[in-house]
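A.B. asks: Build the 3D model from these lines:
(one chain, ligands or ions: 1)
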Amino acid sequence: MLDKPEAVQRQWTVGRQRIVLADCLTGLADLPAASVDVCVTSPPYNIGVAYSTYRDRMPRQAYLDWLREVGRAIHRVLKDEGSFFLNAGSIGSDPWLATDAARAMGEAFVLQNHIVWAKSLSIGDDTVGHFKPINSQRFLNHNHEAIFHFTKTGGVAIDRLAVGVPFKDKSNIARWGHARDRRCAGNVWFIPYRTVKSRAQKFDHPAGFPLELPLRCIRLHGVERPSVLDPFLGAGTTLAAAETLGAEGVGFEIDPAYAERAVARLTGLGPPLPHAQSSE
Ligand SMILES: C[S@@+](CC[C@H](N)C(=O)[O-])C[C@H]1O[C@@H](n2cnc3c(N)ncnc32)[C@H](O)[C@@H]1O
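C.D. replies: Numbers count the residues shown, from 1 in each chain. As a prediction, this is how the structure comes out:
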């Protein structure tokens, strides 16, 4: 927690994205009700991650109460047919963490899909993807996290084929009357981190998710050029995905250093963007 969350301190518009330096509860309160198609976010996990200013340790109940409040604020701004994708992870000593966080933040929603984000897979002797190894006599390395797909009703139509895969056996296309060579890829998403050689390549943020994660969530929601939200923007990955897909987005970040990194990252996204302006 920061000592003194302040109101909106600064905001930037880069391309179709608005980056707001603010506490997300303040920022969310300023958004019109039912204005967001897709929210993709990953809150702080309350495990002591070394963010630049945010202190990632609260008493458990205070943390969950806070997430519940943010979840309610997301519910207010989400359209009735909107999707809220919550990325949450656990640690060996706290295996219920992601579930508890999702129960709190998703309290006002229906859980429509539960997706496993696999960061690394071993098949036989071959391993693909990165994860942070832990030194433990008790716990396995953690190489997956969860993506909880919440909606207001549990009945929101999604575009499964937008994140689908080609049929392995092409004879299935005609046999089952499919219009194209695409089938649902299921609810385990293998999204490895890129191999990076420096912190700068991770946008100097200790807890970013890969670009592919919000790209898939936004595509799965299936609305063309949706309005996108990330209340815990970090280094701006969700808005980078929104920009890539030609969608409009808004993100809130409480830490000036990360908000500025998000701005720099979005400004650096090609093709050239129409404008990058800042206002106090
Ligand atoms: C897990 S990180 C998000 C990383 C992001 N998904 C990315 O790919 O870069 C959580 C972020 O939430 C920010 N944060 C913490 N409390 C906040 C609050 N009350 N309002 C807005 N942002 C907050 C932290 O500074 C941190 O950057």
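
A.B. asks: Report whether the host helix or strand of Ala146 contacts the ligand.
C.D. replies: Using DSSP states H and E, Ala146 sits in strand 144-151. No: Strand 144-151 does not reach the ligand (C-beta under 6 Å from any ligand atom); its nearest approach is 10.6 Å. To be clear about C-beta, it is placed using only N, CA and C from the backbone, and glycine gets the same treatment.

A.B. asks: Okay, buried residues for the next helix or strand after that strand please.
C.D. replies: On the C-terminal side of strand 144-151, the nearest following helix or strand under DSSP H and E is helix 171-175. Buried positions in helix 171-175, judged by neighbour count with 16 or more other C-beta atoms under 10 Å: Ile173.

A.B. asks: ok, now which ones touch Ala146?
C.D. replies: The contact partners of Ala146, by C-beta atoms under 8 Å, 6 or more residues apart in numbering, come to Asn87, Ala88, Gly89, Ala98, Thr99, Ala102, His114, Ile115, Val116, Trp117.

A.B. asks: ok, so what distance separates it from Val77?
C.D. replies: 23 Å (C-beta to C-beta, to the nearest Å).

A.B. asks: If we ignore the residues flanking it in sequence, what's nearest Glu243?
C.D. replies: Using C-beta to C-beta, 6 or more residues apart in numbering and skipping residues adjacent in sequence, the residue nearest Glu243 is Gly15, 5.1 Å away.

A.B. asks: Quick check: that neighbour touching Gly268?
C.D. replies: No: assessed by C-beta atoms under 8 Å, Gly15 is found out of contact with Gly268, at 11.1 Å.

A.B. asks: Those two: who's more crowded?
C.D. replies: Neighbour count, other C-beta atoms under 10 Å: between Gly15 and Gly268, Gly15 has more, with 21 against 11.

A.B. asks: Quick check, the residue in the stretch 151-280 of the chain closest to the ligand?
C.D. replies: Using C-beta to the nearest ligand atom, the closest approach of the stretch 151-280 of the chain to the ligand is made by Gly234 at 2.5 Å.

A.B. asks: who does the strand holding Ala146 pair up with?
C.D. replies: strand 78-88 (antiparallel), strand 110-118 (antiparallel) (DSSP bridges).

A.B. asks: Which among those is found nearest to Ile218?
C.D. replies: The closest of these to Ile218 is strand 78-88. By C-beta to C-beta, the value is 8.6 Å.

A.B. asks: what's the following helix or strand after that closest one?
C.D. replies: helix 97-105.

A.B. asks: okay, that following helix in CSV with CA atoms only?
C.D. replies: The C-alpha atoms that make up helix 97-105 are tabulated as CSV, following Å, rounded to 0.1, in the frame of the first residue of the first chain:
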residue,chain,number,x,y,z
LEU,A,97,-4.0,-17.0,-2.5
ALA,A,98,-5.2,-16.8,-6.1
THR,A,99,-8.5,-18.5,-5.2
ASP,A,100,-9.1,-16.1,-2.2
ALA,A,101,-8.2,-13.1,-4.4
ALA,A,102,-10.6,-14.2,-7.1
ARG,A,103,-13.4,-14.9,-4.6
ALA,A,104,-13.0,-11.4,-3.3
MET,A,105,-12.6,-9.5,-6.5
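
A.B. asks: Other residues contacting it?
C.D. replies: Counting by C-beta under 8 Å, 6+ apart, 43, 45-47, 60, 64-65, 67-68, 70-71, 74, 86, 88-91, 111, 145-146, 148 sit against helix 97-105.

A.B. asks: which of those are buried?
C.D. replies: 43, 45-46, 64, 67-68, 70-71, 74, 86, 88-90, 145-146, 148.
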